[in-house]
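Undergrad: what's the 3D shape of this:
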Amino acid sequence: MRRCDHPGCAEAGLFRAPRDRTLKEFHWFCLPHVRAYNASWDYYKGMGPNEIEQALRADSAWQRPSWPLGRLGGASRFDPDLLRDPFSVLGQEAPTARRRGKEATDTTPPELRAALDLLGLTWPLDQTELRARYKDLAKRHHPDATGGDRQAEEKLKDINRAYSLLKRRVPNHRPAPAQAETAAAG
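TA: Okay, the predicted model is just below:
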């Protein structure tokens, strides 16, 4: 067992403390001496103002490189080189939104249009399709999956409201085309 590195202490050195800024070599102290050492230790001791500023800036990204915002997202067209697809699941096509054509929106009840747009669905639809889309979006925007992102949390609340509205209005099975107009009107 190691002895405490403090001069004159015979206690066991169970707690480590850094020797210098490199954080590669350590002293081993007993609990009272490690507390005293840590209280007086200054990482920035001996550094000039410019060096301190540089160290603080490097720490803001945990010493990892960062990129300007908007590099991988935004309104630009999808770049297929950014997505690895070793099993060719996507084939030669880039991923697209899960929306069907605009021609079906003519029969959409006006009070459901915003909810359908939010979920990326079109009228007519059935409970199975609605539930599958809701589960997909709920998993994607859940706080556990997004690390507690506030925007994703707000989006999930909107998704839940839209799902609640549609769940009450959507039939269990997709109606036939002639029935779809009747269901939209009633």
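Undergrad: Okay, buried residues for stretch 18-38 please.
TA: 27-30, 33-34, 37 (16 or more other C-beta atoms under 10 Å). From N, CA and C alone the C-beta is placed, and that goes for glycine too.
Undergrad: List the neighbours of it that are in contact with it.
TA: Stretch 18-38 is contacted by residues 2-6, 9, 11-17, 41, 43 when judged by C-beta atoms under 8 Å, 6 or more residues apart in numbering.
Undergrad: Show the end-to-end separation of it, please.
TA: 9 Å (C-alpha to C-alpha, to the nearest Å).
Undergrad: now do stretch 118-132
TA: Using C-alpha to C-alpha, the two ends of stretch 118-132 sit 14 Å apart.
Undergrad: Return the set of buried residues in it.
TA: 118-119, 121-125, 130.
Undergrad: Next: stretch 35-49.
TA: Residues Tyr37 are the ones in stretch 35-49 that count as buried (16+ other C-beta under 10 Å).
Undergrad: Give me the subset of the buried residues of stretch 118-132 that lies in strands.
TA: With DSSP state E as the criterion, strands contain none of the buried residues of stretch 118-132.
Undergrad: Show me how far stretch 11-29 is from its chain's centre.
TA: 36 Å (C-alpha atoms, centre = their mean, to the nearest Å).
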